[in-house]
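Engineer: Make a model of this:
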Amino acid sequence: MSKAREFIDFWIENSVHAVEQYWTVGASQDVAELTRRLVAAAKEQGFSEPDFAS
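Structural biologist: Next up, the predicted model:
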């Protein structure tokens, strides 16, 4: 498994959570927001777009 794939799996496990109630205040689970946060975290860890191509 590639390091990029390991990072994505780890990030998803620790960052994506089911919302227990619609009105509960907490981190956004909007797909666009989660994508932005994943990309930002990947850049902070030194990954670049080609790392995720395979």
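
Engineer: which residues touch stretch 33-52?
Structural biologist: 2, 3, 4, 7, 8, 11, 12, 15, 16, 28 (C-beta atoms under 8 Å, 6 or more residues apart in numbering). In short, each C-beta sits where N, CA and C put it, glycine included.

Engineer: Repeat the analysis, applying 6 Å as the threshold.
Structural biologist: Defining contact as C-beta atoms under 6 Å, 6 or more residues apart in numbering, one finds that stretch 33-52 is touched by 4, 11.

Engineer: Only the buried residues of it, if you could.
Structural biologist: Buried residues in stretch 33-52, counted by 16 or more other C-beta atoms under 10 Å: 34, 38, 41, 42, 47.

Engineer: and the strand or helix carrying residue 32, how far out from the chain's middle?
Structural biologist: Residue 32 is part of helix 31-44 when elements are defined by DSSP states H and E. Remark: helix 31-44 is offset 5 Å from the chain centroid, using C-alpha atoms, centre = their mean, to the nearest Å.

Engineer: cool, stretch 7-21 as well?
Structural biologist: Averaged C-alpha coordinates place stretch 7-21 at 7 Å from its chain's average position (C-alpha atoms, centre = their mean).
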